[in-house]
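In: build the 3D model from these lines:
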Amino acid sequence: MNRGSVLQAACLALLLLSACGTSGTPAPAAQATPVAHPAVLQASAKVAGASQTVLTTPAGLTLYYLTSDVAATPKCTAACLSHWPPLLSSAGPTLAAGLTGTLAVVQNSNGSQVTYNGHLLYQFVNDLGPGDAKGEGINAFGGTWHAATPGLPAA
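Out: Model prediction:
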């Protein structure tokens, strides 16, 4: 190989490696899988800079709702679901002791999706652990995303 060919090969390899880096946007979530009896718990999270009690998954991940969503015909579908995976259930969900409100499962285009007081529940892919609420206040997919809180008024 001559010097020009080696230089071209090195540039091509560098270009390919740089394309494998992250862009800072969330990676698409895996397809949401229904859980037989998903539990909805409560925990403390930092929401818009203040500590607040929010609804969570058993893993402590904050649950959200979209202001423009309607249970039977959700606004969050298709590409939205790669950032906001729905909480799905193959049987009745359970509400943690001490929490009031109504959990239900509705059949819609996302599957058998869990609602709290009539609001469809989702997770946010950028929340990486308990206490994260990075999805709060995001305007996307036709509405505003908010952390679901105990006592959330009926939809």
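
In: bridging residues for Gly143?
Out: In this entry, Gly143 is beta-bridged to Ala140, by DSSP bridges.

In: right, and the helix or strand after the lowest-mean-pLDDT helix or strand in the chain?
Out: Each helix and strand of the chain was given a mean pLDDT (mean pLDDT, DSSP states H and E); the minimum falls on helix 3-19 at a mean of 36. Note on helix 3-19: by DSSP states H and E, the next helix or strand toward the C-terminus is strand 39-47.

In: mind giving me the packing neighbours of that following strand?
Out: strand 50-56, strand 94-95 (3 or more Cβ pairs under 8 Å, 6 or more residues apart in numbering; DSSP states H and E). To be clear about C-beta, it is placed using only N, CA and C from the backbone, and glycine gets the same treatment.

In: partners of that strand in the sheet?
Out: strand 50-56 (antiparallel), strand 94-95 (parallel).

In: what's the offset of the shortest one from the middle of its chain?
Out: Offset of strand 94-95 from its chain centre (Cα atoms, centre = their mean, to the nearest Å): 19 Å.

In: pull the residues that contact that strand.
Out: His37, Pro38, Ala39, Val40, Gly101, Leu103 (Cβ atoms under 8 Å, 6 or more residues apart in numbering).

In: among these, name the buried ones.
Out: Pro38, Val40, Gly101, Leu103 (16 or more other Cβ atoms under 10 Å).

In: what's across from the second one in the sheet?
Out: When you say that, I think you mean Val40. Leu95.

In: I figured it hits Ala96, correct?
Out: Yes - under the criterion of Cβ atoms under 8 Å, Val40 makes contact with Ala96 at 6.5 Å.

In: flag the shaky bits of the protein, pLDDT-wise.
Out: 1-32, 34-37 (pLDDT under 70).

In: now with 50?
Out: 1-30 (pLDDT under 50).

In: just to revisit the earlier point, out of the helices and strands packed on strand 39-47, which is closest to Cys80?
Out: Nearest of those to Cys80, taken as Cβ to Cβ: strand 50-56 at 19.6 Å.

In: what comes into contact with the closest one?
Out: 40-47, 62-63, 99, 116, 121, 130, 133, 147-150, 152.

In: buried stuff in that strand?
Out: Gln52, Val54, Leu55, Thr56.

In: TSV please, covering those and showing distance to Leu88.
Out: Below are the buried residues of strand 50-56 laid out as TSV (distance: Cβ to Cβ, whole Å):
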residue	distance to Leu88
Gln52	25
Val54	19
Leu55	15
Thr56	16
